[in-house]
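>>> Below: sequence and its predicted model.
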Amino acid sequence: MELAKKLGFKENSSLEHFLHVYKTQISTLLALIALCVVLGFASESFFRVNNLLTVLLQSSINSIIAIGMTFVIITGGIDLSVGSIVALSAAVMGEMVVNKGLTICSHNYCSWNRSYCWTYSRNGYCES
């Protein structure tokens with residue numbers, strides 16, 4: 001690789017091997033960084049704490065599922081029904097919220113984000 005030679009590494013060095021093995025992962029990471037830079041310049045609120053916390057909160061469900069599936073795969077119990085279980089859970093919760101009056105109010109969420117602080121009202125719905 002030309003980059004390894006320009007940086008002073010010998011042929012078949014560990015850097016060249018690393019770049020060759022992880023070429024796809026490195027290019028994906030660089031694309032993600034470039035996307036964050038472009039979005040940071042496009043919107044002044046992109047790098048605000050509230051937006052970053054919202055992104056982390058929305059991706060937490062996928063992270064929990066990925067961690068669980070990692071343990072399932074490690075133990076040899078391959079299970080491909082995770083997507084259908086997540087969809088079924090979302091449909092059941094949606095049905096319960098709309099038709100059964102279930103409320104979803106998180107007071108722990110209020111402690112770090114006052115703009116989304118919800119309280120339980122008399123009619124059974126969450127209000128801001």
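Happy to help now that I have it. Here the structure is a predicted model, which means the values were calculated and not measured. Numbering: from 1, shown residues only.
>>> Pull the contacting residues for Met96.
Leu102 (CB atoms under 8 Å, 6 or more residues apart in numbering). C-beta: built from backbone N, CA, C; applies to glycine.
>>> Tell me how far the strand or helix carrying it lies from the chain's centre.
In this structure, Met96 sits in helix 82-99 according to DSSP states H and E. Relative to its parent chain, helix 82-99 has a centroid offset of 20 Å by CA atoms, centre = their mean, to the nearest Å.
>>> Give me the average confidence score over stretch 35-51.
Average pLDDT, stretch 35-51: 90.
>>> Oh, that last question was meant for stretch 78-86, not what I typed.
78.
>>> What lies in contact with that stretch?
With CB under 8 Å, 6+ apart, stretch 78-86 has contacts from Ile61, Ile65, Gly68, Met69, Val72.
>>> Helix or strand: which one has the fourth one?
Using DSSP H and E, the element containing Met69 is helix 49-74.
>>> Much appreciated, bye for now.
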